[in-house]
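Trainee: Fold the following, please.
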Amino acid sequence: MSVQKARTQPEIARRGQAFPLEHVAIIMDGNRRWADKKGLPRLMGHREGVKTLKELVRYTGANGLKYLTVYAFSSENWNRSPDEVNYLFELFGSVVRDELEELTANNVRLRFLGKTEDMPPHLQRSFQEAVQRTSGNTGLSLQVAINYGSRLELTEAVRKLAREVQAGRLSPEDIDVELLSSCLYTGDLPDPDLIIRTGGEMRLSNYLLWQAAYAELYVTPVLWPEFTPGEFEKAVAEFARRDRRYGGD
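Mentor: Presented below is the predicted three-dimensional model:
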C-alpha cells in the first residue's frame, strides 16, 4: 500500500538560510503506532520510517547541517519479538546496501554508534564497508545509533579508563570531563544542540545521556513516519527562540 505524506515547503530551504545549530539528535519513535493507526502490519511502520529518514538526510545534508544522529535500535530492543528483530536487521542491511551510492554522491559521512560487534556478521560487514566508503566525505555526518544504550556506553568508557589506571598509564587525578567524553562512542563529535523525540513520549530512553547535559529537548506528538522536513524546521525554530543559559540564571 502506498501512503502519501503531506509535505510543506521548508522555510530554511526556501529562504537559503543556515541552521542555527550544528548537531541534532533524534529519537525516531512511533513507527508501530503509525502502522496501527493506518491498519497496516506493524513491520510496515519501520519501512515507512526509513523513507522518512532518507528524506530528512537529503534535506539536512543539502541545507548545511553538520551532524545528525538518529536512534535506530537500542540495546533494549532485543526484547522485541524475534520476527520484528530479524525484520529490522534485514531492513538495516538492505538500507545500507541500497543507499550507499546516494550517500556517497551526496557527500554524507556515515558512522555507527553502539556495540555493532554484537550484530549479525553480515550486518557488521555492511556497516564496515559503508563507514570505509564514506569516511572521506565532508558534508553531513550521519551517526546511526544501533545496538546502543547510553548506560552501557558510559560503563565501557569507565572500564577503559580503569584499565589505563590499572596499567599505570593514567592517574585517577587525570580523569576529567574531557577525557571521559573522549572515551564515548561520540568522542570526536560535539554534543547535540537539540534532541528531538517524535511520538510524544517524554523521556530520553537511555539515549545520549551524557551528551544531552545541555541539549535543548523538543518533543512532538507527530509519529516518526509523518515527521517531514517541515516538522524538523518547527523544532529548529523552537530551538532558535530559546535562551540557552548553560546553568546560568
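
Trainee: any low-confidence regions in this structure?
Mentor: Within the chain, the stretches with pLDDT under 70 are 1-17, 246-249.

Trainee: which one's the longest helix in it?
Mentor: Scanning the chain for the longest helix, with DSSP state H as the assignment, gives helix 82-105.

Trainee: same for it, what does it pack against?
Mentor: Contact here means 3 or more C-beta pairs under 8 Å, 6 or more residues apart in numbering; DSSP states H and E; on that basis helix 82-105 packs against helix 42-62, strand 67-74, helix 121-134. Bear in mind the C-beta positions are built from the backbone N, C-alpha and C, glycine included.

Trainee: OK, contacts around the residue minimising distance to the centre of the chain?
Mentor: Centroid-nearest residue in the chain: Val70, 1.2 Å away (criterion: C-alpha atoms, centre = their mean). For Val70, the contact set (C-beta atoms under 8 Å, 6 or more residues apart in numbering) comprises Ala25, Ile26, Met28, Leu53, Leu142, Gln143, Val144, Ala145.

Trainee: between the helices and strands packed on helix 82-105, which one is nearest to Arg109?
Mentor: In terms of C-beta to C-beta, the element of those nearest to Arg109 is helix 121-134, at 5.0 Å.

Trainee: what's the angle between the closest one and helix 82-105?
Mentor: 20 degrees (axes from the mean of the first three to the mean of the last three C-alpha atoms, to 10 degrees).

Trainee: The following helix or strand past helix 121-134 - contacts with which helices or strands?
Mentor: Downstream of helix 121-134, the first helix or strand assigned by DSSP states H and E is strand 141-148. Counting contacts by 3+ C-beta pairs under 8 Å, 6+ apart, strand 141-148 packs against strand 67-74, strand 109-113.

Trainee: What angle do helix 121-134 and strand 141-148 make with each other?
Mentor: Using the same axes, to 10 degrees: strand 141-148 against helix 121-134 is 160 degrees.

Trainee: re earlier: go through the helices and strands packed on helix 82-105 and pick out the most buried.
Mentor: strand 67-74 (a mean of 22; mean count of other C-beta atoms under 10 Å).

Trainee: The longest helix of the chain: which residues count as buried?
Mentor: For helix 82-105, the neighbour count (16 or more other C-beta atoms under 10 Å) marks Tyr87, Leu88, Phe89, Leu91, Phe92, Gly93, Val95, Val96, Glu99, Leu100, Leu103, Thr104 as buried.

Trainee: Quick check: Arg97 vs Glu173, distance?
Mentor: Counting by C-beta to C-beta, to the nearest Å, the gap from Arg97 to Glu173 is 48 Å.

Trainee: Apologies, that question was intended for Ile26.
Mentor: Plainly put, Ile26 is 37 Å away from Glu173 if you go by C-beta to C-beta.
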